[in-house]
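**Student:** Build me a model from this:
(one chain, ligands or ions: 2)
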Amino acid sequence: MIKVGIVGGTGYTGVELLRLLSVHPDVELTAITSRKEDGLPVADMFPSLRGKVDLAFSAPDKVDLTKCDVVFFATPHGVAMAQAPALLAAGVKVIDLAADFRLKNQETFEQWYKIPHTCPELLEEAVYGLPELNREAVKNARLIANPGCYPTTMQLGFVPLLKANLIDASALIADAKSGVSGAGRKAEIATLFSESSDNFKAYGVSGHRHTPETVAQLQRFTGLPVNLIFTPHLVPMIRGMHSTLYARLTTEISNEALQELFETTYKDAAFVDVMPFGSHPETRSTRGSNMLRLALHRPNNGNTVVILVVQDNLVKGASGQAVQCMNLMFGLEETLGLQQVALLP
Ligand SMILES: NC(=O)C1=CN([C@@H]2O[C@H](COP(=O)(O)OP(=O)(O)OC[C@H]3O[C@@H](n4cnc5c(N)ncnc54)[C@H](OP(=O)(O)O)[C@@H]3O)[C@@H](O)[C@H]2O)C=CC1
Ligand SMILES: CC(=O)N[C@@H](CCC(=O)OP(=O)(O)O)C(=O)O
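**Tutor:** Ligands and ions are numbered 1, 2, ... in the order given. Here you go, the predicted model:
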């Protein structure tokens, strides 16, 4: 059994990790931290976990995480970097759901996250946890930088076209929408029911931290100089993400060949569903599951390809992806504990 610790068990990605890991056949939950809920049985806070999780939350300073085989950080940016060096030195693998290790360039990190990086020496070693594009590196990793939710949709949508040199890498556009759980459980006025329900708005249009993350990774995965316009929106639903990606074709190619490119790229990817050409994937077809679904369109048979991508921001966009990485890091079947079918209606 893999001994698992979770730092930040009371948040949205924390409880999603608990939902997935509490029924994972090869996992033993050994420590779940909360600064505020020290001593409270986890199932008292989350009755959905009654009978599944017997542990109580522990204050972070009361648990010895070095006894774990792997520790997930479901915490705000800056928390994992303070503890990762000691855990790695003790032989514990680390999976950070925040952005501490996503950007290789320390300056870029500090510019976007407005905090100093306290262990830049680990940035090069950290492996970007997007298995579909980085599987071998994930298998051998000690330290995983789990991708942001929007960047997962953008990379899985754009990479096949970029790698095949079919599109103008300097003119990528992503128009993306997230459910409010993407902002986390911490109280924020924008995510209150009375502020976010029956409302729809863009945010971060002049610059969002997922742009540098996505651009850097697209460049790493394809070797091309990439330019991206990314506009996130907040939609009044709890879970779910819908990204509409636009790319300009630079080569003549049939719709059939485009479809085949995506089907071939993802033929071994259990969690990427390439839907029939011209489909309209819905966020609810991924709710609660680790599936990401995408579909290609070619409006007016012109030279713009539109890629529609949907996922559950808390599963493939965060905790499911993290468990997928854990499975690979421990030599398990990649899909273990992640076979949930989306919840409909
Ligand atoms: N929500 C989403 O869809 C996604 C989130 N992420 C990233 O995952 C991380 C967690 O997000 P999310 O679960 O939404 O956030 P939440 O705000 O819902 O939860 C944050 C958790 O971290 C704990 N925490 C806060 N500060 C500290 C600290 N200084 N030391 C230890 N624990 C702390 C909190 O618990 P307590 O206060 O009880 O200690 C809480 O359990 C973030 O970095 C986020 O950016 C990534 C992809 C998608
Ligand atoms: C709706 C909403 O607010 N979403 C978050 C993104 C969540 C995520 O993936 O963020 P991290 O990079 O922080 O891990 C945002 O735009 O800041």
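
**Student:** Which helix or strand contains the nearest residue to Ala269 once chain neighbours are set aside?
**Tutor:** Leaving out its chain neighbours, the residue that sits closest to Ala269 by Cβ to Cβ, 6 or more residues apart in numbering is Glu132, at 4.7 Å. For the C-beta atoms, the positions are set from N, CA and C on the backbone; glycine is no exception. According to DSSP states H and E, Glu132 maps onto helix 131-139.

**Student:** other SSEs contacting the helix or strand containing Glu16?
**Tutor:** Per DSSP H and E: Glu16 is located in helix 12-21. If you count contacts as 3 or more Cβ pairs under 8 Å, 6 or more residues apart in numbering; DSSP states H and E, helix 12-21 packs onto strand 2-7, strand 27-33, helix 320-329.

**Student:** Now it: average pLDDT?
**Tutor:** Per-residue pLDDT over helix 12-21 has a mean of 98.

**Student:** Is it positioned near ligand 1?
**Tutor:** Yes: Helix 12-21 comes into contact with ligand 1 (Cβ under 6 Å from any ligand atom), by way of 12-14.

**Student:** does His276 really touch Ala295, like I thought?
**Tutor:** Actually, residue 276 is Pro rather than His. Yes: applying Cβ atoms under 8 Å as the test, Pro276 and Ala295 come out as touching, 7.2 Å apart.

**Student:** higher neighbour count, the two?
**Tutor:** Ala295 (20 against 8; other Cβ atoms under 10 Å).

**Student:** what's the helix or strand for that one?
**Tutor:** Per DSSP H and E: strand 292-297 holds Ala295.

**Student:** What pairs with that strand, parallel or antiparallel?
**Tutor:** Strand 292-297 pairs in its sheet with strand 272-274 (parallel), strand 304-311 (antiparallel), by DSSP bridges.

**Student:** can you put those in TSV and add distance to Thr265, mean pLDDT and mean neighbour count?
**Tutor:** Formatted as TSV, the strands paired with strand 292-297 follow (distance: least, Cβ to Cβ, whole Å; pLDDT from 0 to 100; neighbours: other Cβ atoms under 10 Å):
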stretch	distance to Thr265	mean pLDDT	mean neighbour count
strand 272-274	8	98	20
strand 304-311	12	98	23
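
**Student:** closest to Ser22 out of those?
**Tutor:** Closest to Ser22 of the strands paired with strand 292-297, according to Cβ to Cβ: strand 304-311, at 21.9 Å.

**Student:** mind saving the C-alpha coords of that closest one as CSV?
**Tutor:** Extracted in CSV, the C-alpha atoms of strand 304-311 (Å, rounded to 0.1, in the frame of the first residue of the first chain):
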residue,chain,number,x,y,z
THR,A,304,-9.4,28.3,-38.8
VAL,A,305,-9.5,25.2,-36.7
VAL,A,306,-11.7,25.5,-33.6
ILE,A,307,-11.1,22.9,-30.8
LEU,A,308,-13.7,22.6,-28.1
VAL,A,309,-12.3,21.1,-24.9
VAL,A,310,-14.2,20.2,-21.7
GLN,A,311,-13.1,18.8,-18.4
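
**Student:** now that strand against helix 320-329, angle please.
**Tutor:** 80 degrees (axes from the mean of the first three to the mean of the last three Cα atoms, to 10 degrees).

**Student:** ok, strand 304-311 near ligand 2 or not?
**Tutor:** No: using Cβ under 6 Å from any ligand atom, strand 304-311 stays clear of ligand 2, with a minimum separation of 11.1 Å.

**Student:** and if you look at stretch 165-185?
**Tutor:** Yes: Stretch 165-185 lies within reach of ligand 2 by Cβ under 6 Å from any ligand atom, at 178, 182-183.
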